[in-house]
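> how would this look folded up:
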Amino acid sequence: MTQDNLILLQKAMDTASLRQRTISNNIANINTGGYKVERVVFEDKLKDAISASELQLARTNEKHITVAGGALDTIEPTVQKRTDTSVKENGNNVDIDLEMSEKSVNELYYSALTRQMNGEFSLLNYVINH
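Numbering: from 1, shown residues only. Sure, this is the predicted structure:
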């Protein structure tokens with residue numbers, strides 16, 4: 001376990017929390033005229049940073065990848081309006097089926113992150129106490 005792993009897990013959990021609030025806001029505005037769906041962008045930014053070598057990766061073991069140099073701290077999720085989807089008569093583009101699907105996926109994602117974070121802390125607790 002490294003500090004970088006914890007930073008990555010924390011950022012992913014913060015992003016999932018922001019995503020859940022954003023999806024809930026979209027659902028709440030399903031009948032609001034002119035409302036445009038918002039989406040949280042994070043994973044693509046992380047992939048772009050890795051592929052562009054802005055985020056240097058150092059392998060400490062052939063089975064482990066850690067983020068070196070603290071560059072992870074600079075990657076933040078953003079909320080963007082989605083304007084490329086079909087629009088209802090009132091200018092609203094909320095698709096309740098899509099929102100509910102994304103909400104379910106995000107809940108599973110957050111649950112998996114929580115289990116991973118708990119595992120990291122359990123390992124740290126074991127090392128400290130033994």
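> hey, let's count contacts and neighbours off CA atoms from now on
Will do.
> What's the first helix or strand after the helix-or-strand element of the chain with minimal mean pLDDT?
Using mean pLDDT, DSSP states H and E, strand 64-67 stands out as the lowest-scoring helix or strand of the chain, at a mean of 56. Counting by DSSP states H and E, the next helix or strand C-terminal to strand 64-67 is strand 78-81.
> Name the next helix or strand downstream of that next one, please.
For strand 78-81, the succeeding helix or strand toward the C-terminus, using DSSP H and E, is helix 96-129.
> counting contacts, what elements does that following helix pack onto?
Applying 3 or more C-alpha pairs under 8 Å, 6 or more residues apart in numbering; DSSP states H and E, one finds that helix 96-129 contacts helix 3-28.
> Flag every buried residue along the helix it packs on.
Neighbour-count burial for helix 3-28, counted by 16 or more other C-alpha atoms under 10 Å, picks out 4-5, 8-9, 11-13, 15-16, 18-20, 22-23, 26-27.
> Find the centremost residue of the protein, please.
Geometric centre of the chain, nearest residue: Thr15, 3.7 Å, by C-alpha atoms, centre = their mean.
> what sits against the residue nearest to that residue when sequence neighbours are not counted?
Sequence neighbours aside, Pro77 is the residue nearest to Thr15 in space, at 6.1 Å (criterion: C-alpha to C-alpha, 6 or more residues apart in numbering). Pro77 makes contact with Thr15, Val40, Val41, Phe42, Lys45, according to C-alpha atoms under 8 Å, 6 or more residues apart in numbering.
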